[in-house]
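[1] Provide a 3D model corresponding to the input given below.
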Amino acid sequence: MSVDLMNIARTGVMASQSQLGVTSNNIANVNTQGYHRQVAEQDTLGSQRIGGNFYGTGTYVSDVKRIYNDFAARELRIGQSTLSAAQTQDQKLSELDQIFSQLGQSIPNSLTNLFADINGLADLPSDLGIRGSVLNNASEVAKAINQLQSSVNSQMQQTNDQIIGITERVNEIGVELANINRELMKSSGQDMALLDHQDSLIQELSQYAQVNVIPLETGAKSIMLGGSMMLVSNQVPMSLGTEQGEPFAEEIALNATSGAQTVAVKGEQLGGQLGALFSYRDNSLLPAGRELGQLALGIAASLNDQQAQGLDANGQVGEPIFRDINDPLMAVGRVGVDSGNTGNAALSLDITDVNQLGGTEYQLKFTTAGGYQLTDTTTGATSTLTLTAGVLTGGPGFALNINSGAMADGDSFTLRPSAGAAAGIATVMTDAKGIAAAAPKMTPAAANSGNTELTLTAVTNKNAANFPTTGNELTLEINTGASTYEAFDANGTSLGSFAYTAPTISAFGFTLEVSSSGAATDSFTLDFSSHAGDNTNIEAMAQLADSKLMNNGKSTLSDVFENTKLDVGSQAKAADIKLGSASAILKQAQDRVDSESGVNLDEEAANLMRFQQSYQAAARIMTTAQQIFDTLLSSVR
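    Predicted coordinates:
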């Protein structure tokens with residue numbers, strides 16, 4: 001019986017020693033990130049029959065388990081992805097909000113100064129000092145828009161750099177997880193230290209994207225990102241990469257590579273930091289940049305158009321103050337060609353009416369059956385464009401030129417009418433005398449049909465015979481149906497009848513553009529005198545500040561910027577609120593994991609004392625058994 005006691009005591013000592021070892025390991029790792037509490041499970045050894053009774057033979061540690069709740073871990077991963085996305089969105093939108101609120105404030109300030117000087121010039125249209133100030137402030141407006149666009153471009157580059165950096169780290173984690181899978185398969189998924197390391201990597205991965213874990217029978221785990229992209233399949237890591245955007249190269253895209261096969265990955269659908277960065281870029285940064293371009297187009301077009309309605313200090317038709325909004329380089333940059341096109345059409349986009357433009361983009365698709373279909377990517381609204389002499393018309397405020405080549409069935413193009421405008425706006429006028437303060441007088445006769453309009457496009461020779469000046473007015477009676485006109489001097493004497501090639505009349509030292517909505521014979525009296533005190537056109541230019549020139553007559557120039565700034569601010573505020581909610585959700589998930597898998601020092605201290613006493617008691621059994629054995633030996637000597 002003493003031998004049995006000794007064996008029982010031995011099993012008790014060994015079991016208690018194992019329990020003490022597991023408890024000590026828990027205590028030692030209380031501050032180890034990702035450590036899961038371990039528990040040694042103890043069972044009784046089989047009974048031994050002696051005589052008519054069964055006697056226990058001791059105990060043993062049947063298993064050492066890692067306390068892990070798969071559901072709680074999944075909730076923690078989801079919470080981490082949501083929080084990381086919210087933190088990234090909040091940070092990026094806060095930066096953009098500061099850019100528009102602080103740096104962007106120079107735009108409305110300089111615009112206000114410009115129109116203040118234009119108003120001043122209306123009071124003193126011959127003052128060269130005020131004219132120079134108008135040009136200087138026009139240049140300041142352009143520079144302010146350029147600077148803000150440069151900051152937006154910097155945000156784009158910074159966002160791209162973050163995407164690239166995260167992608168590289170995701171690939172590193174993928175390789176590590178594949179290696180861990182390989183090692184876990186050797187132990188059938190029982191190596192708890194490796195499992196903790198695996199979970200830590202997966203938890204880190206959930207910061208960058210939403211993670212789905214697929215346990216395998218071998219003990220390994222396959223990992224998917226965003227529910228669609230496989231990062232680790234058993235022991236094989238995939239590669240997440242970046243490539244130039246299509247059709248706009250600066251908007252980098254993601255792809256996944258496995259062996260020789262590469263497929264595109266939609267970054268916004270991945271969740272986590274990657275999803276937030278793509279969402280910020282595509283839904284906040286790019287729209288803000290497009291709206292800034294819309295403002296630049298509005299400023300340049302409205303002032304240039306009004307310039308063209310007047311006469312400068314030299315008596316010439318007003319030349320542009322700002323660079324032409326349809327500069328060929330800018331027009332080409334507004335069209336992105338999809339890589340899958342089989343045709344070779346080269347397009348450029350000309351702005352025809354800034355009032356109809358919005359800060360949006362369009363998709364143009366050509367099919368043999370449906371023609372030229374235009375879709376607003378923001379609203380989903382569709383329309384059909386009409387091709388006439390190589391020009392597609394019918395777009396909201398723009399037309400497309402097919403400069404060369406032809407479209408094939410299924411070809412598509414991405415259109416951004418305001419692309420490049422904020423970076424490209426610049427003053428081109430250098431002589432302050434070029435500001436067209438005066439206005440040509442083209443007085444229609446009372447009996448006119450109202451179908452005909454005239455625009456003075458050039459003054460070629462003010463010294464030409466019968467050039468219309470005050471006291472020497474010229475009257476044109478125009479038959480738009482026959483494309484002929486008859487001219488009369490100030491005394492009503494006919495100067496002859498002439499044919500013209502619509503829509504241009506060039507005669508008497510000037511050029512007119514005739515537009516008509518129907519065949520009619522209308523009469524206009526012309527006076528192109530350039531009076532030093534004439535402020536008719538500059539007054540009209542001053543009124544542009546308060547005119548609803550944008551967004552189909554709903555917004556002034558200043559409104560466009562303010563609306564963009566308010567929209568960015570609203571998004572930043574919403575992101576801040578979302579961050580608070582995401583933080584609370586993650587804390588709940590973390591508390592749940594900690595309550596189950598975390599190390600509680602009070603509990604472990606109690607276990608330490610309990611297993612210490614158990615060890616001492618088992619050792620005492622061994623001592624007792626030894627004493628009994630010694631007593632037996634002494635009695636038989």
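
[2] surely residue 195 is in contact with residue 184?
    Yes - under the criterion of C-beta atoms under 8 Å, residue 195 makes contact with residue 184 at 7.2 Å. Where you see a C-beta, it was placed from the backbone N, CA and C, and this is true even at glycine.

[3] tell me the pLDDT at residue 630?
    pLDDT recorded at residue 630 is 78.

[4] which helices and strands sit right next to the strand or helix carrying it?
    Secondary structure from DSSP states H and E places residue 630 in helix 601-635. In terms of contacts (3 or more C-beta pairs under 8 Å, 6 or more residues apart in numbering; DSSP states H and E), helix 601-635 is packed against helix 2-28.

[5] next structured bit after the helix it packs on?
    The helix or strand immediately downstream of helix 2-28 is strand 38-44, counting by DSSP H and E.

[6] roughly how far out does that next one sit from the chain middle?
    54 Å (C-alpha atoms, centre = their mean, to the nearest Å).

[7] strand partners (parallel or antiparallel) of it?
    Here strand 38-44 has these sheet partners by DSSP bridges: strand 59-66 (antiparallel).

[8] tell me the mean pLDDT over the strand it pairs with?
    Averaged over strand 59-66, pLDDT sits at 87.

[9] quick one, that strand and helix 2-28 angle?
    20 degrees (axes from the mean of the first three to the mean of the last three C-alpha atoms, to 10 degrees).

[10] which parts of the helix holding residue 630 are buried?
    604, 607-608, 611, 614-615, 618, 621-622, 625 (16 or more other C-beta atoms under 10 Å).

[11] give me the lowest-pLDDT entry from these.
    Scoring those by pLDDT puts residue 625 last, at 80.

[12] with adjacent residues omitted, what lies nearest to residue 435?
    residue 131 (5.2 Å; C-beta to C-beta, 6 or more residues apart in numbering).

[13] now do the contacts for that neighbour.
    121, 313, 432-433, 435 (C-beta atoms under 8 Å, 6 or more residues apart in numbering).

[14] what's the closest of the residues you listed to residue 251?
    residue 435 (39.6 Å; C-beta to C-beta).

[15] the closest one: neighbour count?
    Neighbours of residue 435 under the rule other C-beta atoms under 10 Å: 29.

[16] wait, isn't it in contact with residue 134?
    Yes - the criterion here is C-beta under 8 Å, and residue 435 meets it with residue 134 at 6.0 Å.

[17] what touches both of those two?
    Applying C-beta under 8 Å, 6+ apart, one finds that residue 435 and residue 134 are jointly contacted by residue 121.

[18] how long is stretch 223-240 end to end?
    Terminal residues of stretch 223-240 are spaced 13 Å apart (C-alpha to C-alpha, to the nearest Å).

[19] average pLDDT for it?
    89.

[20] what do you get for stretch 512-521?
    Across stretch 512-521, pLDDT averages out at 90.

[21] state which helix of the protein is the longest.
    For the chain, the helix with the greatest residue count under DSSP state H is helix 128-186.

[22] which helix or strand lies directly C-terminal to that helix?
    Counting by DSSP H and E, what follows helix 128-186 is helix 192-208.

[23] now do that next one and helix 128-186, the angle between them.
    160 degrees.

[24] so how far is helix 192-208 off the chain centroid?
    On C-alpha atoms, centre = their mean, the centre of helix 192-208 falls 30 Å from the chain's centre.

[25] centre-most residue in the protein?
    Per C-alpha atoms, centre = their mean, the C-alpha nearest to the average position across the chain is that of residue 281, at 1.6 Å.

[26] mind checking how far that residue is from residue 289?
    As judged by C-beta to C-beta, to the nearest Å, residue 281 and residue 289 stand 10 Å apart.

[27] between the buried residues of helix 601-635, which is nearest residue 214?
    residue 604 (33.3 Å).

[28] surely that closest one meets residue 26?
    Yes - taking C-beta under 8 Å as the definition, residue 604 is a contact partner of residue 26 at 5.2 Å.

[29] can you list residues touching both of these two?
    By C-beta under 8 Å, 6+ apart, no residue touches both residue 604 and residue 26.

[30] so the nearest residue to residue 390 once chain neighbours are set aside bridges to which residues?
    Leaving aside its chain neighbours, residue 390 sits nearest to residue 402 (4.9 Å; criterion: C-beta to C-beta, 6+ apart). Note on residue 402: beta-bridge partners by DSSP bridges are residue 347.
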